[in-house]
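Enquirer: With the input below, show me the fold.
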Amino acid sequence: MTINEANEQSEPVLDGSLDATLDAKRQGILDQVAADSTGLALDDVIAGLTQRLAEAEVPTSDARIRELAAMIVS
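Expert: This next block holds a predicted model:
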């Protein structure tokens, strides 16, 4: 793990996390966002999910992000 000057993690913590398929990465991000989004509005979940997927370079259409976010808030 690498920590930058701003004390931010810049690499995954777990060994092998870079080996995950895009679907596995997407599911992991979905699980994390779901855990962090209890009680948030749909638009907030969409924003968080969009940001996390972009940071992880996991291509996902806007329509699919909206669909996944709707599953989280339901």
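Enquirer: contacts, neighbours, all on C-alpha from now
Expert: Fine.
Enquirer: so what's Lys25 up against?
Expert: For Lys25, the contact set (CA atoms under 8 Å, 6 or more residues apart in numbering) comprises Ala56, Val58.
Enquirer: start the count at 24, not 1, going forward
Expert: I'll keep to 24 as the first residue from here, and by that count the last item is Lys48.
Enquirer: Surely it is within a helix?
Expert: Yes: assessed with DSSP: H, G, I helix; E, B strand; the rest coil, Lys48 lies in a helix.
Enquirer: any idea how far Glu90 is from it?
Expert: 17 Å (CA to CA, to the nearest Å).
Enquirer: Low-confidence stretches in the protein?
Expert: Residue ranges of the chain with pLDDT under 70: 24-41.
Enquirer: now the helices: where do they sit in it?
Expert: Ranges of helices in the chain, per DSSP state H, are 45-59, 65-78, 85-96.
Enquirer: Quick one: list the elements packing against the last one.
Expert: Right, helix 85-96. Packing partners of helix 85-96 (3 or more CA pairs under 8 Å, 6 or more residues apart in numbering; DSSP states H and E): helix 65-78.
Enquirer: Not counting residues beside it along the chain, what's closest to Pro82?
Expert: Leu76 (7.1 Å; CA to CA, 6 or more residues apart in numbering).
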